[in-house]
Every structure is written in structure tokens, then in C-alpha cells.
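# coordinates only, sequence not included:
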């Protein structure tokens, strides 16, 4: 379980806190989506979990232990991380990218090789065909699958995903979303997933935490948020969605 | 020069070209390696401590702006010796800037999201550096190393001034003797070497960029890649192998002679060298054409060379730091200098060669004849309407123009600072009416100039003599016997003629020296090696 306790983060020379008094529990095995527009503080919350950002006040606990007490490198290696910009290392092959965390953990070459083959199979990029390629020889969707495989390499219990599908075209994004759902159905990781896309949040999240201007607006399932919005922002979010759907419907009806 | 003559010219100097090229390669290779070993850590420091960055980069930038010769001279003083050590230090410092700057630029150029990815995956700073940043910065770093190596090849040509050898030796000698052939002999191999060194590092960078070779195949390709990796290291090994293979000149005891970088000095060095080779069993190491009085002097007292020709007036002013009495007696000056050298430098002045290369006032022979000039005082009446040329040095020295004006009590209407190399031409071409030149310069004869006698004895004596380390004289007493044979053998006109013959081309300094020695009795009747 990941637990944020009244966490506040102020950046130097910025008056308004990026994240203010956020308290949030992510239960083991669930997928928690952090939903918000840019500047809402959602990515900051994510980075507080693996200490890429340290809180100004408050604490983050994982499985009951304060992350501030952990060795920061060991902590990060024990948490899978998928990046917004994918972040594959261009000087490494696909296989080397996937095996990077096991290598840092000091696994044997043989064990790393077996593990990367398994993972590449898991994300439908057979090692024989893709293992020796370099990142610039992959499509966007393939690269992000490698990113997911890399995050899973050392078999972490937790997975942090920072808008991983944001840069992909709609079709690829939808397919990768489905693949992630299917994959995690088997693996059962605890996932914190950042997005600004309500559709994606509704599709992937067991629960959704809505953030606006650094403050946590409401946490709940999609249904709860829709039926009992607790702030004007959350209500607005769903009203906007309904209007978009209506508008879309009218446009389609007008077609001959 | 005809093509065949050129081929002969080059072939005759083949062994020395090889020797100098190997020396050049050694200077360039070691300094480049040194710059990488020193520059990459400094670059890392500058990258990870942004506050130190501007300070470090500007410090190294300032090093780069020091003129090469000044840098060499500074390091010479710092190390207190001539040769490869100060040259390597200077070259390394020059090569530092491109290495440091490209290290910083290369590391900075890495996409910041990759840095975050590395940290997010749990890499330490060191792992991030070695696994991600350095590999990605490598092409930029390699470009910096290439720049450093090419700069190294260029500046290494100047190391000959401080006795480090290299292809600059040819250029240096060529400049001193106005011999274009020698200059080409140094400049062309240096240019080729720059291309080879640059290409070899480019090849190494190409071969070690694994991304470029994905899917490219064939056994020939793999061989090419290995060769490209090995080639720069083989180049580095050449000097070492060369030194092991040719254990040069370790057979007989060696006398090391150096000279400054102008014709007369090189000629005197060659005459002494040939005489020693003929009259003794000693071998001679010729380190001719070093960059000036101080360099030769420091080399002598540091024991890097055994002897060199020096002038009494120069020793008194430049080395002993004393003012020279303008009307000083040559014998007195010689005694003062000789005694001071024995006491302070453990060096012995032998009997002077006989000529006095002091300053002289000269004009075109036709002018001198038509105006009936014979001595300096004859010029006084017309001086306000005349122009005179001299070197910048003469303008500054106490025994120069100001002293002259006070002593003789007149000045010229117009004065012009001229480079020594065009001083004589300027008189011959009527650009100046008179000039202060050097008594034994060969161009006085070849340009039809006439020397006016110093009737009021203003110009101080500049008698030339061999200056030898006392330790060397003790070790090889036969050396003194041989060199004393040259005492009072060279008059002003003789020296002037030999200088002219050396500069006129067609004959090498070695030929001129050999012919001169053969025309005297100093080689004796013994059937020597020549």
C-alpha cells in the first residue's frame, strides 16, 4: 500500500505550492489514476512516491515504511517507472534497455537474458526480432511497450506510469491501454497512473484521484465521481464529457 | 629545382625525416593522451559543479590564448630544462581546451529526460554517467579529441625551438637559413601527419559507435572496424618501437651542441661539430636552431647540452645582466664574462673564434663612395636629412640607438624599426639610407653594402667563442684541444663570406663548414673520417 500523508511540495521561487496537503491511499493490487490538467500537480505526486521529488512537508509511506528512510537508489529500483517521454536509452539495444534495472541489481548475465526474453514476449515484441534493435528503429507503440517491459524487469510490486500513452496516436493508445489491462489482470501490480484524459482514467482506473491546482478534489470510482461529485471542478469535468458526447452524437446524426 | 633533384634531396634526408616524424608523433600522441586523461576529469568536474564551470573554462581558455612560443619559453623556465618534457607540458595544456569543452558540451547535450529516466530507474550518479551520459556524449568528445590532436600536430612544430625535435626542426632550420626546401621538408610531412592523426581518431570514433554498425555485416567489414580501432593505438606505439629498434647513437660518448636559430650560429655549431668528429672519437648530437639566448644558456647550465657558441657582449648584458660600457675593451669584456661563467655557471669560455659580430652602421657602396664616407663621424653633417633603419631590439638596448646618439652627438632625420630579415634589403632598395646591422651578416657582401668604421669606438664587443660545461671538459680533455684550434681562425670578412655561402643556397651548411675546415690546417694530416 502506498500512502501519502498531508504531503505538500513547494518549489523554490514559486509562491503557489505545486501540491498542497494531499492525503491519499493506494491499495495493494489496485490501479489508481491521478487525473488532472497540466499544472494540477499530478506528476509531482507521482514523483514524490519514488523520491524524484522530496516533499516540503508530510510523508510518503510504502507498506508502512517512510520512503524518506529508504536508500533512494534501492527504493527506485524496487518501483517500476514508465516515463512520459518513454525515456529509452538510445545507446542501448532493446534488450539492454529492458535489462538495465536487473543489471543495476547485479543479476547474472544469464538470468538477465532469460528475464528480458520473457518480458519481451509478454509485451509482444519477440526478442529474436526486436532484441538487438536500437530505440530509433522502433515505432512509438513498440517503444512504449519496451518502456513497460523495462519497468517490469525486476518484478516490482509497484508501477508508476506518467502519461505513458500520451504521445501515441489514438488507435495505438487504445490498443496499449487494452494490453495494459490484460497484462495487469495476470500480474496484479499496484499501479499509479497519471493522465489528463478522462476516457483513459475511466478505462484503466479502479479508482480515480482528481487533482486541480495542487489540491486533491475527490477520490473514487468513475461511477462515484460521476454521480456524487464533491467539488465544482469534478462536476464540471463530467459535464464537459457529456457535452462532448452529445455534440459528437449530433454531428454523427447530421451526416447523410 | 628539378623533380629528380627534389627526389635526391628528399631521399638524402630520408632517415632524418623519419626520425623527426617519429618525434613529432611522440609529442602529439603523448600530449593528446595527456589532454584526455587530464581534460575529461576536469570536464566532468565542470559539468557536475556548475559553479566551477565558468571559472574552469575561462582558466583553460586563457591558457589557449598564451602565444605558443611564450608558453614554451615559460615552461622551459618552469622546468629548468630543454627538450621533450616542457614541450609535452605545453602541448598538453593547449590540447586541454577542446577536450574539456567538448566533454562539458557533450554531457550537457544529453536529453534531460534521459537523465530523469536514469535516476527514476534507480541509477546512481556514477551509473548514470558511465551507462548513459558518457556513451551518448562520446561523438562530441571524440570531435574534441580530434581538434586537440590536430592542434597538437601544429604546435608541435614549434617545439623545435626548445630542443624537443620534431618536424619543426626542419622548418626552424629552413627559416634560419632562408632555405625553402627545408621548410617544405618539415611542413609537408606535418600536414600529412595532421590528416593521418585526425583520420585515425575519426576512424576510432566511427568504429566504436555501435549504433552505426547494426545490421552492417560481412567479415571484411568486421576487419575494417577492428583495424579502425587499432590504428590510433598503433600510431602511438610507433615511437616506442622505433626507439627500441634503432638504439640511436649509444655507441660512443656524445657531445651535445646547441645553437640559436640564425645562420651564423648554426654554421659555427656545424664547424665545431665536424672538427670534433674529425679530431676526437666523440660523437656529436646536433641540437641546432633553439629559440634564443636564454634557451641555449638554460640548456647549458641544466646540463642538457655541453656547449654552444655565444657572444661576449650578449653574455654580459643578457645573461649577467650588466650594462655594457660602450667603449669597452674587448679583452676586458672577455675576461669579465669568462670569470663570471666559471664562478656562477661551471662553464668555460674558450678562445674566441676571432671575429666580432657587433653592430655596425652600413650604407650602399655607391652612396659611400660618392659621398666619400669612411667612418661613422663622416655621416654627421648630412644626418638630419637621412633615414636610418634598425631592429626593434636595437631601439631598446642601452648600447643601441640612444647610446649611439649620445656618444656620437648626432641623430638621423628619420628612424624606422625593421625586422632583421628585411633590414639589409631595405638599404639595398633605398628604402632607408643607412642601417644598423650585424658586422658578419653575409648580406652585407651580397647586397653590395659597405660598413663604416666605428671611429669613436661606441659599439661594444660581441666576440664569439665556444662556451663549454666544465664537467664536459674534464670528462673529455681532447674536446678542449680540438676547439682551441678554432681560436682566432675566423676574421670578420671570413665569417661574412661563410654566412653568405650558407644562405645563398645550392650548398648546405654542412658543405660550407666542411670546405672551410678543409681550407685550414685544423683537421691535421691525420686521415680522419672525412
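Looks like it came in fine. Being a predicted model, the structure only gives us computed values, none of them experimental.

# for the one helix or strand residue B:31 maps to, buried residues please.
Assigned by DSSP states H and E, residue B:31 falls within helix B:14-48. By neighbour count on 16 or more other Cβ atoms under 10 Å in any protein chain shown, the buried set for helix B:14-48 is B:17, B:19-36, B:38-40, B:42-44, B:46-47. To be clear about C-beta, it is placed using only N, CA and C from the backbone, and glycine gets the same treatment.

# how about the strands in the stretch 351-500 of chain B?
With DSSP state E, counting those that start in this stretch as the criterion, the stretch 351-500 of chain B has strands at B:359-364, B:387-390, B:414-417, B:434-438, B:449-452, B:464-469.

# counting by contacts, list what the third one packs against.
Yep, that's strand B:414-417 we're talking about. Packing partners of strand B:414-417 (3 or more Cβ pairs under 8 Å, 6 or more residues apart in numbering or on different chains; DSSP states H and E): strand B:387-390, helix B:392-396.

# that strand pairs with which strands, parallel or anti?
Counting by DSSP bridges, the strands paired with strand B:414-417 are strand B:387-390 (parallel).

# got JSON lines for the strands of the stretch 351-500 of chain B, with mean pLDDT and mean neighbour count too?
Compiled in JSON lines, the strands of the stretch 351-500 of chain B are given as follows (pLDDT from 0 to 100; neighbours: other Cβ atoms under 10 Å in any protein chain shown):
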{"stretch": "strand B:359-364", "mean pLDDT": "92", "mean neighbour count": "22"}
{"stretch": "strand B:387-390", "mean pLDDT": "93", "mean neighbour count": "22"}
{"stretch": "strand B:414-417", "mean pLDDT": "91", "mean neighbour count": "14"}
{"stretch": "strand B:434-438", "mean pLDDT": "92", "mean neighbour count": "23"}
{"stretch": "strand B:449-452", "mean pLDDT": "92", "mean neighbour count": "18"}
{"stretch": "strand B:464-469", "mean pLDDT": "96", "mean neighbour count": "24"}
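
# for residue B:186, which of those is the nearest?
strand B:434-438 (25.9 Å; Cβ to Cβ).

# neighbouring strands of that closest one in the sheet, and parallel or not?
strand B:359-364 (antiparallel), strand B:387-390 (parallel).

# what sits up against that strand?
B:357-363, B:379, B:386-391, B:394, B:400-401, B:404, B:412, B:418, B:423-424, B:426-427, B:443-444, B:449 (Cβ atoms under 8 Å, 6 or more residues apart in numbering or on different chains).

# mind listing the helices for the stretch 101-250 of chain A?
A:109-122, A:127-130, A:140-152, A:170-187, A:198-204, A:222-227, A:232-254 (DSSP state H, counting those that start in this stretch).

# would you mind finding the most buried of the ones you listed?
Among the helices of the stretch 101-250 of chain A, the stretch with the highest mean neighbour count (mean count of other Cβ atoms under 10 Å in any protein chain shown) is helix A:140-152, at a mean of 23.

# report pLDDT for residue B:252.
Listed pLDDT for residue B:252 reads 55.

# give me the secondary structure label for the nearest residue to residue A:67 once chain neighbours are set aside.
Nearest residue to residue A:67 in three dimensions, chain neighbours excluded: residue A:60, at 4.8 Å (Cβ to Cβ, 6 or more residues apart in numbering or on different chains). Each residue gets one of three states, and residue A:60 gets strand by DSSP: H, G, I helix; E, B strand; the rest coil.

# what's around residue A:60, how many residues?
Close neighbours of residue A:60, defined as other Cβ atoms under 10 Å in any protein chain shown, add up to 22.

# right, and it touches residue A:69 too?
No. Counting by Cβ atoms under 8 Å, residue A:60 stays clear of residue A:69, with 10.8 Å between them.

# hang on, the earlier thing: right, and the helices of the stretch 101-250 of chain A - which one's nearest residue B:523?
helix A:109-122 (76.2 Å).

# pLDDT below threshold where in chain A?
Along chain A, the model assigns pLDDT under 70 to residues A:255-256.

# just give me the residue right at the centre of it.
By Cα atoms, centre = their mean, chain A has its centre lying nearest to residue A:161, at 1.7 Å.

# one step back: so which of the helices of the stretch 101-250 of chain A comes closest to residue B:197?
The stretch from these with the least distance to residue B:197 (Cβ to Cβ) is helix A:109-122; that distance is 37.6 Å.

# now do the closest one and helix A:170-187, the angle between them.
Between the axis of helix A:109-122 and that of helix A:170-187 there is an angle of 120 degrees, by axes from the mean of the first three to the mean of the last three Cα atoms, to 10 degrees.

# wait, residue B:269 sits on residue B:258?
Yes. With contact defined as Cβ under 8 Å, residue B:269 counts as touching residue B:258 (7.3 Å).

# what sits in contact with each of these two?
Common contact partners of residue B:269 and residue B:258 (Cβ under 8 Å, 6+ apart): B:288, B:308.

# show me how far stretch A:195-206 is from its chain's centre.
With Cα atoms, centre = their mean, to the nearest Å as the basis, the distance from the averaged C-alpha position of stretch A:195-206 to the chain average is 11 Å.

# the spatially closest residue to residue B:451 that is not a sequence neighbour and chain A: what is the separation?
What sits nearest to residue B:451 in space, not counting adjacent residues and going by Cβ to Cβ, 6+ apart, is residue B:360, at 4.7 Å. The span separating residue B:360 from chain A equals 71 Å under the rule Cβ to the nearest Cβ, to the nearest Å.

# good, we can wrap up now.
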